[in-house]
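[1] Provided below for reference: sequence and predicted model.
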Protein chains: 2
Amino acid sequence: MKSIDQIVQKLRDSGAKVTPQRIAILKSLQGNTSHPGAHEIYHLLKDDFPSLSKATVYNTLDMLSQIGEVRELTIDRAQARFDPDMSFHDHILCTKCRKVEDVHRKDGDDSTITAVNGYEVLGASMQFYGICAACREPTEEKVN
Amino acid sequence: MKSIDQIVQKLRDSGAKVTPQRIAILKSLQGNTSHPGAHEIYHLLKDDFPSLSKATVYNTLDMLSQIGEVRELTIDRAQARFDPDMSFHDHILCTKCRKVEDVHRKDGDDSTITAVNGYEVLGASMQFYGICAACREPTEEKVN
DNA sequence: TTTCTTGCAAAGATTTTGCAATTGC
DNA sequence: GCAATTGCAAAATCTTTGCAAGAAA
């Protein structure tokens, strides 16, 4: 994700309005590596922003994903999750605690794949499913 | 997907019951390359099977995916889709007509990845998003 | 007969939508 | 002031669940 200022500028340039809600959502995403869903972002901000509506969160996340400032992940069937890190990387979901983490692969940079099956490829990503180290620990039962 | 007979045997062996509904759902999946969702399977069978309940379709698909006879895809955020082809391959979703097709890659067999980020990897797959050839055709407007 | 499964309806959850009131510019 | 955005509530999915009736073994 670019800096807040850069994105704010991009919004202005495109004619979109810069609202306190949008800034707050952008800030909540910046550097956030938890791959939050709309519900989580809503609760992160609800305290400091009591009037915030969930619809606004959905709208803003959708808009940010449309303009390519965040990536919407489908790895979790339960909810759409969002990743402010637009650099090339993949994800893994722990099927036990359901946290999502980044996976950085050196080999086979799939971002170079531009055509497949006659499709014009717009995006490609790998998904991994597994059990994280913490969830394999029989002693600890913390769910992250 | 194995043959219906083989799966029926597996169900019997595991103590599960072989019902006409389950057979019908298995048959609807066999050789089906459209990556149908629960709703689609329900409607495929509804005519020949008026009493069929959607809950049964959901239950059966979930069970088949649990025992590893079909794969549940997350590529389409709108609905869970199911693939009876358990061989190693990936998928691409046309973001216009929303059909899902198989992608067969020769290189980098990711099925050999068993550990990543300290996770015990249970599954891995690649997702592609793009516009299919038909949707790029300006003359045709058929939505598959 | 015993246990599992079905079907139905209700409930849950996520996400979308309509619209009046509000706010950015 | 105009147009875009917000917030709220209702609606629209998709999916799960509770439970009585029914079917498989």
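    All right, it came through fine.
[2] Provide the strand pairings for the one helix or strand in chain A whose mean pLDDT sits lowest, with the direction of each partner.
    Within chain A, no helix or strand scores below strand A:115-116, which has a mean of 74 by mean pLDDT, DSSP states H and E. Strand A:115-116 pairs in its sheet with strand A:119-131 (antiparallel), by DSSP bridges.
[3] which ones are touching A:P20?
    Applying CB atoms under 8 Å, 6 or more residues apart in numbering or on different chains to A:P20 gives the contacts A:F49. (Each C-beta comes from the backbone N, C-alpha and C, glycine too.)
[4] For A:H43, see how far away it is.
    17 Å (CB to CB, to the nearest Å).
[5] hmm, back to that, what lies in contact with the least confident helix or strand of chain A?
    A:V121, B:I92, B:V103, B:F128, B:G130.
[6] How many residues are close by the last one?
    Counted by other CB atoms under 10 Å in any protein chain shown, the residues lying close to B:G130 total 24.
[7] Bridge partners for the residue nearest to it when sequence neighbours are not counted, pull those for me.
    Distances taken as CB to CB, 6 or more residues apart in numbering or on different chains put A:Y119 closest to B:G130, at 3.7 Å, once the chain neighbours are dropped. On the basis of DSSP bridges, A:Y119 is bridged to A:V116.
[8] so the closest residue to A:E72 other than its chain neighbours, which of the three states?
    Spatially, and ignoring its direct neighbours in sequence, A:E72 is nearest to A:S65 (4.5 Å; CB to CB, 6+ apart). Under DSSP: H, G, I helix; E, B strand; the rest coil, the three-state class of A:S65 is helix.
[9] pLDDT wise, what is A:S65 at?
    Looking at A:S65, its pLDDT stands at 95.
[10] okay but it is in contact with A:F82, surely?
    Yes - the criterion here is CB atoms under 8 Å, and A:S65 meets it with A:F82 at 7.0 Å.
[11] where do the contact lists of the two overlap?
    Common neighbours of A:S65 and A:F82 (criterion: CB under 8 Å, 6+ apart): A:R71, A:E72.
[12] Of those two, give the one with the bigger neighbour count.
    Ranked by neighbour count (other CB under 10 Å), A:S65 and A:F82 place A:F82 first, with 24 against 16.
[13] ok, how many other residues are close to the closest residue to that one other than its chain neighbours?
    Using CB to CB, 6+ apart and skipping residues adjacent in sequence, the residue nearest A:F82 is A:V70, 4.9 Å away. Counted with other CB under 10 Å, the neighbours of A:V70 add up to 24.
[14] Could you do the one 10 residues further on as well?
    As a burial measure, A:A80 scores 18 neighbours (other CB under 10 Å).
[15] go on, the one 3 residues further on?
    Using other CB under 10 Å, the number of residues around A:D83 comes to 24.
[16] I figured it was touching A:L73, is that so?
    Yes - shown here, A:D83 and A:L73 form a contact pair, counting by CB under 8 Å, at 5.9 Å.
[17] Give me the common contacts of these two.
    A:H35, A:H91.
[18] Give me the residues contacting stretch A:30-44.
    With CB under 8 Å, 6+ apart, stretch A:30-44 has contacts from A:1, A:4, A:25, A:28-29, A:52, A:54, A:57-58, A:61, A:73, A:76, A:79-85, A:91, A:99-102.
[19] among the residues you listed, which ones are buried?
    Among the contacts of stretch A:30-44, those classed as buried by 16 or more other CB atoms under 10 Å in any protein chain shown are A:1, A:25, A:28-29, A:52, A:57, A:61, A:73, A:76, A:80-84, A:91, A:99-101.
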